[in-house]
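Novice: Below is the sequence, then the predicted model.
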There are 2 protein chains.
Amino acid sequence: MKLSERKEKIIEAVVDTYIKECTPISSGDIQKSYLQDVSSATIRNELAVLEDMGYLVQPHTSSGRIPTAEAYRHYVEKLMPKRKLTKDELKIVNKYFNRKITELDEILKATAKVITQITNLTSVAYIKNAKEAFIESVKIVKLSANQALFVVVTNIGVIKDAVAHIESGDIGEEYFVRASEFITSVLRGKSVFEAATNMALYEAVLAEYQFIFDATMHILKSHANEAVLPDIVLEGSARILEQPEYANLNKAKAMLELLDAKEELVPVLAGSDMSLNILISKDDELKEGLPECAIVTANYSVGGKSIGKAGVIGPIRMDYSKVISVLDYISKAINLMPNSERTNESDSEDIIGEVID
Amino acid sequence: MKLSERKEKIIEAVVDTYIKECTPISSGDIQKSYLQDVSSATIRNELAVLEDMGYLVQPHTSSGRIPTAEAYRHYVEKLMPKRKLTKDELKIVNKYFNRKITELDEILKATAKVITQITNLTSVAYIKNAKEAFIESVKIVKLSANQALFVVVTNIGVIKDAVAHIESGDIGEEYFVRASEFITSVLRGKSVFEAATNMALYEAVLAEYQFIFDATMHILKSHANEAVLPDIVLEGSARILEQPEYANLNKAKAMLELLDAKEELVPVLAGSDMSLNILISKDDELKEGLPECAIVTANYSVGGKSIGKAGVIGPIRMDYSKVISVLDYISKAINLMPNSERTNESDSEDIIGEVID
DNA sequence: AATTAGCACTCTTGCCACGAGACTGCTAGC
DNA sequence: GCTAGCAGTCTCGTGGCAAGAGTGCTAATT
């Protein structure tokens, strides 16, 4: 079904204006700013048709129109202007990313911070569950008589937060070095998930290393398990209240509760895996627990390896054009980041900026 | 200045009732439930006096009284009933802590979750900055040709999130084992802060280990630095909106912004170091950025070592008695936790419960 | 001197009515 | 197919009004 050029223009006018003003748009408004060459009566006729088609609604009989989710989808797909970041916005992004960041966590936090700062929306960023990462090596370090640190190096980073209780008594450190080498030889090249579930591996293990291998598997299993939630970071939750659609306390609460239970956002975010994902909740999705909102996320990679996603969560009435340009630019900035998360020493030049004046 | 018994009783009545109802308390209310043996007129006289003394205020001329921050302080210090947890509440706490928890982080999160679940308030938990911890040993592990993991074991736990970029090329792993031993011998017994700032240590280092020692110092410095914020976890931010005092959108926003910038809460929390801290913001502290609220925190230790604090943040009108009993009990539960954070294997019996029926 | 009964006064809250303003829908004419 | 014009509808802010809650004060009582 194709819309006439004038209808497109009207949808654009309504969405554009509504994004800025958050008030119903009247036929007169459209005529003044978008369609001077026809009368408001004509526009009124068109508006009635578009309402029948499901693109617009009237809050009440004698008010202007506001866009439906359908209109937003159409807007994002066909009508939305492409924009670039302003100099100031670029400055903000570069300030955050044109420096040494040693930890994946830090990237996560910085990403969320930048997005919120530029878009004034609540942002969300998360790092993928490690279960699909490939194991490169395993190192086990004796820390004390009853603690050992297990380090699993994978292609997307280091699973390093695993201090395990090991009654190693007076076993020497060389033992751990040898054990590390042996276990690495068994697991190298396997995905975390594969390693954690492949029972056949157990049989290949020498008795000498059995207990330490068991501990390794224990850690891998916890990471392969869906129950281990990926790191997720929210920034600017309070910004949600700046949006007039959540001026109503109940709506604000529904939204904040969603943000509070941020772990529950993961399946929503993880859903699609396109480089850019736009999720606009339908009115009837309200019942499924998601309050009326839109979530726009982009995939991020460091050094060519996809590490997770980041984006914004806000009212359906959001400045998609701006949001998308920000996400897009940040994605590039992260990929170009000085030596990615492994750097600690090297300096680097500026990110290539797409500047507008 | 001592208050008459009747005045105490009236303050208690007003605070108690206000905590439950959040509506101004009239002389009649007090007479009915707290002081049947005098008339409401007498109570009115007393109320007027207590208002002059600064314990109560009237929202408007013909309404009941509500307590001032002063009244709450008095209540908490002198009047508050001591209570114990109910069976259900104990069950919740035990469910969270009577199990193996391997990571300090997990304790943090569990603590915050439990507190929120029982008190219905926003909770906050944080782990102290490591700068005062004493170094027990340092281990350096070669992960790849240009990465090494630095593990600093201290008396309060392991500083392990330090993957550093090290151009170690084909230096063998034994070198790192030796370097670890050497560096441990130099730093053992020093506090993180002391180690990071004591330049004299540098001179004692053999040239052979210089570059790896420098990297270690780099990590210690980042932990000794105040700029490295301790981990802080919030739980249940949305609960703040359930409190009628934040029904006003602006107040809700002020509060949520405070929670959003959770790092800024650290100095507030770190302030006093008693086992129990109660901070009730004065009206005039509003200007200093802290919205009207109360923060109650307790110190927590694992195996006798103080690790951080946890507590609640909410309206001044909160159920202090309940909050304090919860914090107190959790503090015990953590300390008795099966082998603290180092356990991974051992089972254990139930925590000793203080049960009421 | 402390307490109390009684009453006038004050302030809030909910309700209703009213008018202004903003748009639309529709009709009739171009 | 477009437009001018107008009647009709709905929102929103305002003001008045009555009911209700609670106080402060005064005068009487113990």
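Specialist: It's in.

Novice: who does the most centrally placed residue in chain A bridge with?
Specialist: Among the residues of chain A, the one closest to the centroid is A:Ala310, at 2.3 Å (Cα atoms, centre = their mean). Assessed by DSSP bridges, A:Ala310 has beta-bridge partners A:Ala125, A:Ala298.

Novice: list the contacts for it?
Specialist: By Cβ atoms under 8 Å, 6 or more residues apart in numbering or on different chains, the residues touching A:Ala310 are A:108, A:111-112, A:115, A:123-126, A:297-298, A:300, A:327, A:330. For glycine as for every other residue, the C-beta is placed from the backbone atoms N, C-alpha and C.

Novice: Among these, which one lies nearest to B:Asn250?
Specialist: When these are ranked by distance to B:Asn250 (Cβ to Cβ), A:Ser123 comes first, at 22.9 Å.

Novice: And the closest one, how far from B:Thr61?
Specialist: 48 Å (Cβ to Cβ, to the nearest Å).

Novice: Looking at those two, which is more packed in?
Specialist: With other Cβ atoms under 10 Å in any protein chain shown as the criterion, A:Ser123 and B:Thr61 differ in neighbour count, and A:Ser123 comes out ahead with 30 against 5.

Novice: how much space between the residue nearest to that one when sequence neighbours are not counted and B:Ile219?
Specialist: Counting by Cβ to Cβ, 6 or more residues apart in numbering or on different chains, A:Ser123 lies nearest to A:Ile115, which is 3.8 Å off, once chain neighbours are set aside. When Cβ to Cβ is applied, the distance between A:Ile115 and B:Ile219 equals 29 Å.

Novice: neighbour count winner among those two?
Specialist: For A:Ile115 versus B:Ile219, neighbours defined as other Cβ under 10 Å are more numerous around A:Ile115 (28 against 22).

Novice: if I pick the more buried one, what's in contact with it?
Specialist: With contact set as Cβ under 8 Å, 6+ apart, A:Ile115 has these partners: A:Leu121, A:Ser123, A:Ala125, A:Glu235, A:Ala310, A:Gly311, A:Val312, A:Val326, A:Leu327, A:Ile330.

Novice: and the helix or strand containing it, average pLDDT?
Specialist: Secondary structure assignment for A:Ile115, by DSSP states H and E: helix A:104-119. Predicted confidence along helix A:104-119 averages 89 (mean pLDDT).

Novice: Do a quick rundown of the helices in the stretch 201-350 of chain A.
Specialist: For the stretch 201-350 of chain A, helices defined by DSSP state H, counting those that start in this stretch occupy the ranges A:210-224, A:249-260, A:265-270, A:320-335.

Novice: Now mean pLDDT and distance to B:Ser33 too, for these, in CSV please.
Specialist: Formatted as CSV, the helices of the stretch 201-350 of chain A follow (pLDDT from 0 to 100; distance: least, Cβ to Cβ, whole Å):
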stretch, mean pLDDT, distance to B:Ser33
helix A:210-224, 82, 53
helix A:249-260, 87, 31
helix A:265-270, 80, 46
helix A:320-335, 92, 55
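
Novice: Identify whichever of those helices lies nearest to DNA strand C.
Specialist: Distances from DNA strand C to each of the helices of the stretch 201-350 of chain A were compared using Cβ to the nearest atom of the strand; the minimum, 15.2 Å, belongs to helix A:249-260.

Novice: got the contact list for the closest one?
Specialist: Judged by Cβ under 8 Å, 6+ apart, the contacts made with helix A:249-260 from elsewhere in the structure are A:122, A:234, A:237, A:240-241, A:245-246, A:264-265, A:289-293, A:313, B:235-238, B:241-242, B:247, B:249, B:252, B:256.

Novice: and chain A, which residues reach DNA strand C?
Specialist: Proximity of chain A to DNA strand C is assessed by Cβ under 7 Å from any atom of the strand, with A:26-29, A:40-41, A:44, A:47-48, A:51, A:58, A:61-65 identified as the residues in range.

Novice: And the pLDDT at A:Asp16?
Specialist: Per-residue confidence (pLDDT) for A:Asp16: 95.

Novice: can I assume it sits in a helix?
Specialist: Yes: under DSSP: H, G, I helix; E, B strand; the rest coil, A:Asp16 sits within a helix.

Novice: Count the residues that sit near it.
Specialist: As a burial measure, the neighbour count of A:Asp16 was computed by other Cβ under 10 Å and equals 20.

Novice: who touches it in this structure?
Specialist: A:Asp16 makes contact with no residue under the criterion Cβ under 8 Å, 6+ apart.

Novice: again with A:Gly189
Specialist: A:Gly189 makes contacts with A:Phe134, A:Ile135, as judged by Cβ under 8 Å, 6+ apart.

Novice: Please apply the same query to A:Gly304.
Specialist: When contacts are counted by Cβ under 8 Å, 6+ apart, A:Gly304 touches A:Asn335.

Novice: what's the spacing between it and DNA strand C?
Specialist: With distances taken as Cβ to the nearest atom of the strand, to the nearest Å, A:Gly304 is found 51 Å from DNA strand C.

Novice: for A:Asp105, same thing?
Specialist: Going from A:Asp105 to DNA strand C by Cβ to the nearest atom of the strand gives 48 Å.

Novice: my guess is A:Gly308 meets A:Ile127, correct?
Specialist: Yes: with contacts defined as Cβ atoms under 8 Å, A:Gly308 counts as touching A:Ile127 at a distance of 4.1 Å.
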